[in-house]
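*Asks:* could you look at this predicted model? Sequence included:
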Amino acid sequence: MPPATARPLGEARAQAATGAQFGLAHIDVMEQHVARTPSGPRRLPVVADAVIATRYRQAVATGARWHRWSAYWDLVESGGFDWSVTDAMVARDSAHGLRSLIVIQGNPPGAALASGLPAGAGNAIFVRADGTLTDDPAEAARVNTDNPWARYVGEVVARYRPGGTLAAERGWPAGAGVRAWEIGNEPNLRHFWPGTPAEYVRLLEVAYLTAKFLDPAATVVHGGIADDAAAAAWHAAFLDALVARRTASPLPARYNAYSDRTVWHWYTVPSKLLTPPAIARAQRRARGLPDVPLWVTEVGIPVWSEHPGPCWDPASPRRASLAEQSAFVWQALAEGVAAGAELLIWFQFADDCGNGPDSFDAFGLVRNAAGAGCWSRPPGDHGCWHADPAVAGAPRPAYDAFRHAVGALTGARPGGALAGAGWRGVSLARGGQRVSVAWATGPGGAVAVLPGGAGARSIDAAGAVREVAAAAGSGGLRVALAGVTNRNGPGGAPMVDGLPVMLAAGSAAAAAPAIEGTAPGGGAPGPAAAAAPAHPAVADTAPPYIAIVGALSPESPPLFDLSVAAGDEHGRLAQYSVFYSAHRVPDRPEGWTRHGPVAAWPGTPNIGEVVVPFFGMPGVTYYFAAQAADAAGNWSALPAHAQAWTRIAGAPSRPSPARGRPVRWE
């Protein structure tokens, strides 16, 4: 096998120029299916298929196209390999059009260090044809199975790569499989990696060379570095260890310094998110290491204001209210794109068990399903701390904020900073369109003047759409920004600034639906386009990947509008239909009532949004769901859960537009 070569700097920059892509962590997780016990892994009662299906349906409806999860060594290999859980997760990702980013971690005690150090000798990575050992893939005939870490990485990659064992068993087309691997998790934190930076370099070297030997087209990255106070120092020590290894061996220079991206985790104040990439790039340049694109494989903030968060403690450190979590989504993702991130992955899809039963870390865009989670009851008598069955499994407001951000920012590239009295923001370029995201930096709010023409609309992270007035003589648009409410950062500083507002302007703005971007499933390719070849052309048998009714206010007047979003992988939306149920959520899809006839999708976007009027009876709670079909006649599944709901109160206050009016940013 010929040796792999370092990715040319120009190629890395060209790939980053295709624009940002987005993903979710832990749509499904191994720990839902198998538990660690003193005697080894133990299978858990099977998670209901309906629960997993709902999680995937909700995840895909956001427009995210990546799924990050871990294949834990200690849960897969114990007296042999048990692939049942990970096979199912890879297959579900593939079936839903998601690109898997698999974190290879979970080392049996002592095995990683024992297998990785010292380099060479009995710990070599490969075996030559004559039976001698080597670390050089160019000289290798096979992976050295006497090296436990190399063996495990090799087994995982060989099974899940395109053309690998699982693809052959399932009859998948060429190119279908896993092409992205993250080696370890937050190695700068000792509870994830107890060794030194130099020892981690050897762990990374073994995994990177093994994966590239088995799949030269794979993207292999170091574990995401947790952005805490010591992150820069640990990263510098890690790079110094790479330089030292490069002095001792020709392999790091030949193989891209063992990471195809620089990878970070962000849980800090979003205004500081621009800092780590700049530091990382400067540190790499100072050591003569190749420039590589930036991935952020975890970014998120937990809520304190509802179960399982610490609802009794509004000052809970590094947390947010429900509304503030939505603001964090937009500010963090916009800052990430402005920092040049090629991939941003929200941590995490649902609360699950947070960082353990006593952490009360409710990171999820979606609340846990009924009976899920592993939370210990907090000390004291806190009447607010209880799971509400009425919202079990339901999205939080941040879910829609994430969905809108993905639609607006997919394919976007850095366009410059924005700032004024009491506010700041970023300008992002997406095709011929400029997307501005701005937020107030003080409690009193602010008025921003953003680029754009007359008649434009703004949208905030709570989903409110407003007409924007021109600023006299300024050549811009005046946008009111809500003040900062969060005080949960260090020293009482905010973890997030005021609720951001997004505004699109430019040549593409007049034709772009409100959540259309360089779309998930369409437009310019993202980072995986270079990492994995496209599947061969096949007949269109896949239904639209999103058909969802947007979130509603808790109460609505009798006459109000439903917002229906839909998107199709091939850009061929043709029809849609809205369903409702009064008083309760149907227990099966057949329980829904169709609202009016099936309607033609207006226009020909591959993803967009329409407005549908609805009239209800006062005092009745209505639940809603939607379906969409493509030009080939493939209909999305009608869910057995409610996508939106509201209780009718009051009286009609305004006429409603015609059915199916497209919502567009002007």
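*Replies:* Perfect, I can see it now. Since this is a predicted model, take the numbers as computed values, not measurements.

*Asks:* apart from its chain neighbours, what residue comes closest to Leu638?
*Replies:* Of all residues not flanking Leu638 in the chain, Pro589 sits nearest, at 4.4 Å (C-beta to C-beta, 6 or more residues apart in numbering). For every residue, glycine as well, the C-beta is placed using N, CA and C.

*Asks:* for the closest residue to Gly40 other than its chain neighbours, phi and psi?
*Replies:* Distances taken as C-beta to C-beta, 6+ apart put Ser78 closest to Gly40, at 4.6 Å, once the chain neighbours are dropped. Main-chain torsions, Ser78, degrees, to the nearest 10: phi -150, psi 100.

*Asks:* measure the residue nearest to Leu638 to Pro618 for me?
*Replies:* Look at Pro589 and Pro618: by C-beta to C-beta, to the nearest Å, they are 28 Å apart.

*Asks:* between the two, which is the more surrounded one?
*Replies:* Per other C-beta atoms under 10 Å, whichever of Pro589 and Pro618 has more neighbours is Pro589, with 14 against 11.

*Asks:* was I right about the more buried one contacting His641?
*Replies:* No. Assessed by C-beta atoms under 8 Å, Pro589 is found out of contact with His641, at 9.8 Å.

*Asks:* in the stretch 101-250 of the chain, where is pLDDT below threshold?
*Replies:* In the predicted model, the stretch 101-250 of the chain carries pLDDT under 70 at residues 108-121, 229.

*Asks:* now the helices for it?
*Replies:* With DSSP state H, counting those that start in this stretch, the ranges of helices along the stretch 101-250 of the chain come out as 111-116, 148-160, 165-170, 197-214, 231-248.

*Asks:* so which of the ones you listed comes closest to Tyr72?
*Replies:* Comparison of these against Tyr72 by C-beta to C-beta identifies helix 148-160 as nearest, at 10.3 Å.

*Asks:* so which residues of the stretch 501-650 of the chain form helices?
*Replies:* 527-531.

*Asks:* pLDDT weak spots in it?
*Replies:* 506-541, 569-571, 603-607, 640, 650.

*Asks:* one more pass at 80, please.
*Replies:* 505-543, 545-546, 550-551, 567-572, 587-590, 602-609, 639-641, 650 (pLDDT under 80).

*Asks:* what of the stretch 301-450 of the chain?
*Replies:* The stretch 301-450 of the chain contains residues with pLDDT under 80 at 373, 432.

*Asks:* coming back round to it: nearest to Asn256, of the helices of the stretch 101-250 of the chain?
*Replies:* Across the helices of the stretch 101-250 of the chain, Asn256 has its closest neighbour in helix 197-214 (8.3 Å, C-beta to C-beta).

*Asks:* report the angle between that closest one and helix 231-248.
*Replies:* Helix 197-214 runs at 60 degrees relative to helix 231-248, counting by axes from the mean of the first three to the mean of the last three C-alpha atoms, to 10 degrees.

*Asks:* which elements pack onto helix 197-214?
*Replies:* Here helix 197-214 touches helix 111-116, strand 142-143, helix 148-160, strand 180-183, strand 219-222, helix 231-248, helix 251-254, going by 3 or more C-beta pairs under 8 Å, 6 or more residues apart in numbering; DSSP states H and E.

*Asks:* can you list those in CSV and add mean neighbour count and distance to Val449?
*Replies:* Formatted as CSV, these follow (neighbours: other C-beta atoms under 10 Å; distance: least, C-beta to C-beta, whole Å):
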stretch, mean neighbour count, distance to Val449
helix 111-116, 20, 54
strand 142-143, 18, 59
helix 148-160, 24, 50
strand 180-183, 25, 41
strand 219-222, 26, 40
helix 231-248, 17, 35
helix 251-254, 19, 49
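
*Asks:* compare the ones you listed and report which one is nearest to Ala637.
*Replies:* Smallest distance to Ala637 across the helices and strands packed on helix 197-214 (C-beta to C-beta): 26.4 Å, for helix 148-160.

*Asks:* related to what we said a few turns ago, need the helices and strands packed on helix 197-214 in JSON lines (columns: distance to Gln627).
*Replies:* Shown next, in JSON lines, are those (distance: least, C-beta to C-beta, whole Å):
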{"stretch": "helix 111-116", "distance to Gln627": "48"}
{"stretch": "strand 142-143", "distance to Gln627": "47"}
{"stretch": "helix 148-160", "distance to Gln627": "32"}
{"stretch": "strand 180-183", "distance to Gln627": "32"}
{"stretch": "strand 219-222", "distance to Gln627": "35"}
{"stretch": "helix 231-248", "distance to Gln627": "46"}
{"stretch": "helix 251-254", "distance to Gln627": "52"}
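
*Asks:* out of those, flag the one nearest Pro544.
*Replies:* Nearest to Pro544 among those is strand 180-183 (25.4 Å), distances taken as C-beta to C-beta.

*Asks:* so what's Arg396 up against?
*Replies:* Val303, Leu322, Gln325, Ser326, Gly364, Leu365, Val366, Arg367 (C-beta atoms under 8 Å, 6 or more residues apart in numbering).

*Asks:* now do Leu409
*Replies:* Contacts for Leu409 (C-beta under 8 Å, 6+ apart) come out as Ala20, Phe22, Leu333, Ala334, Val337, Leu428, Arg430, Val435, Gly517.

*Asks:* again, only using 10 Å
*Replies:* 19-22, 63, 330, 333-334, 336-337, 344, 428, 430, 435, 437, 502, 517-518 (C-beta atoms under 10 Å, 6 or more residues apart in numbering).

*Asks:* take those residues and keep only those in strands.
*Replies:* Gln21, Phe22, Leu344, Leu428, Arg430, Val435, Val437, Met502 (DSSP state E).

*Asks:* how's this structure carved up into domains?
*Replies:* 21-109+148-406, 541-662 (automatic domain parsing).

*Asks:* reformat those domains into CSV and put distance to Leu477 next to each item.
*Replies:* Converted to CSV, the domains of the chain look like this (distance: least, C-beta to C-beta, whole Å):
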stretch, distance to Leu477
domain 21-109+148-406, 17
domain 541-662, 21
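
*Asks:* what's the most buried one of these?
*Replies:* domain 21-109+148-406 (a mean of 20; mean count of other C-beta atoms under 10 Å).

*Asks:* thinking again about what came up before, anything in contact with each of Pro589 and His641?
*Replies:* Ala625.

*Asks:* how much space between the nearest residue to Phe560 once chain neighbours are set aside and Ala644?
*Replies:* Leaving aside its chain neighbours, Phe560 sits nearest to Phe614 (6.1 Å; criterion: C-beta to C-beta, 6+ apart). Noted for Phe614: a distance of 11 Å to Ala644, by C-beta to C-beta.

*Asks:* next one: Pro216
*Replies:* Pro216 is 46 Å from Ala644, by C-beta to C-beta.

*Asks:* cool, Pro389 as well?
*Replies:* 18 Å.

*Asks:* check Asp388 too.
*Replies:* With C-beta to C-beta as the criterion, Asp388 and Ala644 are 17 Å apart.

*Asks:* next one: Ile225
*Replies:* According to C-beta to C-beta, Ile225 stands 39 Å off from Ala644.

*Asks:* same question for Ala394.
*Replies:* Using C-beta to C-beta, Ala394 is found at 10 Å from Ala644.

*Asks:* shared neighbours of those two, which are they?
*Replies:* Contact criterion C-beta under 10 Å, 6+ apart; residues bridging Ala394 and Ala644 by contacting each: Ala551.

*Asks:* excluding chain neighbours, what is closest to Gly154?
*Replies:* Excluding the flanking residues, the one nearest Gly154 by C-beta to C-beta, 6+ apart is Val143, at 4.0 Å.

*Asks:* and the helix or strand harbouring Tyr56, how far out from the chain's middle?
*Replies:* For Tyr56, the element it lies in under DSSP states H and E is helix 49-61. Mean C-alpha position of helix 49-61 versus that of the full chain (C-alpha atoms, centre = their mean, to the nearest Å) differs by 15 Å.

*Asks:* since that was my last question, I'll sign off now.
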